[in-house]
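> sequence first, predicted model second:
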Amino acid sequence: MSAMKGKICVITGSNSGIGKETAIGLAKMGATIVMVVRNQERGEKARTEIVKQTGNDSVDLMICDLSSMSSIRHFAAEFKKKYRRLDVLVNNAGASFSKREVTHEGFERNFAVNYLGPFLLTHELLDLLKSSAPSRIINVSSGLAKNGKVDLDDLQGEKNHTRTRFYSPSRAPAYDNTKLMLMMFTYELARRLKGSGVTVNVLMPGFTATNLGKSSGSLSSYIMFKMVRPMQQSARKGAETSIYLASSDDVKDITGKCFAKKKEVRTCPVSYDEELQKRLWSKTESMLGLAPDRSML
Ligand SMILES: NC(=O)c1ccc[n+]([C@@H]2O[C@H](COP(=O)([O-])OP(=O)(O)OC[C@H]3O[C@@H](n4cnc5c(N)ncnc54)[C@H](OP(=O)(O)O)[C@@H]3O)[C@@H](O)[C@H]2O)c1
């Protein structure tokens, strides 16, 4: 199949789970894949498997740690030196931490990887996405976003980080909050990009057997994930909606929507609060030190 021939697709977190299957699916369609991973060795291993499985050797590997804003800026600069266009950006990488940890740049880790990182990466690549239009941005959120809360005075759980309020051994509400923020970012960005030829949608992949949870730092959450494995769909199934949004003609003009199982779905009421979306946006910009004239539209 060559439906995606000539298209350049950046997929974060594509050495594992849903991201790797997304890379396989799009590589099978003939796309050029740029795997964005944080670990060279894990990335090389996955790259070899993807090329072998798909027969497509246009699979590049670039390094970026989504928890580090300086790494994201560095990656984006390197990407722009190497590539003149970008057709699809899949913000797939994600992680769940059940203990409060802060990155070397001072950001809470769930917040950095799942929300701030995709926000900044999108910002840094937006000029290229616009000049390559029609192009697509796909954000991988979670059904757990419905449990999330956006407290603008405490986005990083500095005040509410008791176990029950912000973290717990088996679940990390901090993760849910960041997935809700990613959804709200999608809806606000879609409005800002209206008429640009760049679409942006968000998806909920469903409960999927991957490595998610292993990195949480909590043994009990890891054991819990193992126990529920029989109830989980395969990573290949979990990637279907990402692949659909990245490649299907059915959704070429759809923007600002959430999808699950390749169908448009409504998300929780708070996710559609435009006032909150805008306030979250400007707070995020100031956290990232983005001057208004450099901000996304
Ligand atoms: N699995 C589910 O049931 C489920 C449900 C809803 C939503 N999701 C979402 O689906 C997406 C994919 O997750 P998955 O389930 O496929 O889990 P996974 O197998 O753990 O894959 C996550 C990917 O993200 C990468 N990643 C984590 N932290 C990173 C960082 N700081 N910088 C760069 N890359 C980083 C991981 O790299 P390493 O291999 O180096 O750690 C891995 O490649 C995530 O956004 C997740 O939140 C998953």
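Structure's in. What do you need?
> every contact and neighbour count from this point should use C-alpha atoms.
Will do.
> any weak-confidence spans in this structure?
Low-confidence segments of the chain (pLDDT under 70): 1, 160-172, 214-218, 221-222, 292-297.
> contacts only, for K261.
Shown in contact with K261 (CA atoms under 8 Å, 6 or more residues apart in numbering): 205-206, 240-241.
> do a quick rundown of the strands in the stretch 51-200 of the chain.
Listed from the start of the chain, the stretch 51-200 of the chain has strands (DSSP state E, counting those that start in this stretch) covering 59-63, 88-91, 135-140, 198-203.
> the third one and the ligand, are they touching?
I take that to be strand 135-140. Yes - shown here: strand 135-140 in contact with the ligand (CA under 6 Å from any ligand atom) through V140.
> how about the last one?
No - applying CA under 6 Å from any ligand atom, one finds strand 198-203 separated from the ligand by no less than 8.4 Å.
> tell me how far that strand lies from the chain's centre.
Here the centre of strand 198-203 is set off from its chain's centre by 11 Å, with CA atoms, centre = their mean, to the nearest Å.
> please apply the same query to the shortest one.
Computed by CA atoms, centre = their mean, the chain-centroid distance of strand 88-91 equals 7 Å.
> if we check the ligand, which of the contacts of K261 are in contact?
Among these, the residues within reach of the ligand (CA under 6 Å from any ligand atom) are 205-206.
> quick revisit: mean neighbour count and distance to E285 for the strands of the stretch 51-200 of the chain - can I get that in JSON lines?
Formatted as JSON lines, those follow (neighbours: other CA atoms under 10 Å; distance: least, CA to CA, whole Å):
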{"stretch": "strand 59-63", "mean neighbour count": "18", "distance to E285": "24"}
{"stretch": "strand 88-91", "mean neighbour count": "28", "distance to E285": "18"}
{"stretch": "strand 135-140", "mean neighbour count": "26", "distance to E285": "18"}
{"stretch": "strand 198-203", "mean neighbour count": "27", "distance to E285": "19"}
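> now tabulate those in a markdown table and tack on distance to G43.
Shown next, in a markdown table, are the strands of the stretch 51-200 of the chain (distance: least, CA to CA, whole Å):
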| stretch | distance to G43 |
| --- | --- |
| strand 59-63 | 7 |
| strand 88-91 | 16 |
| strand 135-140 | 20 |
| strand 198-203 | 24 |
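> of all these, which one is nearest G157?
For G157, the closest of the strands of the stretch 51-200 of the chain is strand 135-140, at 21.9 Å, according to CA to CA.
> helices or strands next to that closest one in the packing?
Other helices and strands packing on strand 135-140, by 3 or more CA pairs under 8 Å, 6 or more residues apart in numbering; DSSP states H and E, are strand 88-91, helix 173-192, strand 198-203, helix 240-247.
> which neighbours does that strand have in its sheet, and in what orientation?
The strands beside strand 135-140 in its sheet (DSSP bridges) come out as strand 88-91 (parallel), strand 198-203 (parallel).
> T54: neighbouring residues, count only.
For T54, the count of nearby residues is 16 (other CA atoms under 10 Å).
> give the contact list for it.
Applying CA under 8 Å, 6+ apart to T54 gives the contacts 24, 27-28.
> out of those residues, who's nearest the ligand?
The shortest approach to the ligand among the contacts of T54 belongs to I24, at 13.0 Å (CA to the nearest ligand atom).
> got the contact list for the closest one?
The contact partners of I24, by CA under 8 Å, 6+ apart, come to 50, 53-54.
> those residues in helices, which ones?
By the criterion of DSSP state H, membership of the contacts of I24 in helices covers 50, 53-54.
> so which of these also contact the ligand?
Among those, no residue lies close to the ligand (CA under 6 Å from any ligand atom).
> CSV for these, including distance to L219?
Listed next are these as CSV, based on distance: CA to CA, whole Å:
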residue, distance to L219
I50, 30
Q53, 33
T54, 35
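> N114: neighbour count?
Neighbour tally, N114, other CA under 10 Å: 29.
> tell me the residues of the stretch 151-297 of the chain that contact the ligand?
Checking the stretch 151-297 of the chain against the ligand by CA under 6 Å from any ligand atom, the hits are 204-212.
> can we see that at 5 Å?
Within the stretch 151-297 of the chain, the positions adjacent to the ligand are 207-208, 210-212 by CA under 5 Å from any ligand atom.
> need the helices for the protein, in chain order.
Ranges of helices in the chain, per DSSP H, are 17-28, 40-54, 69-82, 109-111, 117-131, 173-192, 219-228, 235-238, 240-247, 274-287.
> quickly check: the fourth one near the ligand or not.
No - with CA under 5 Å from any ligand atom as the measure, helix 109-111 is seen stopping short of the ligand, the closest distance being 8.2 Å.
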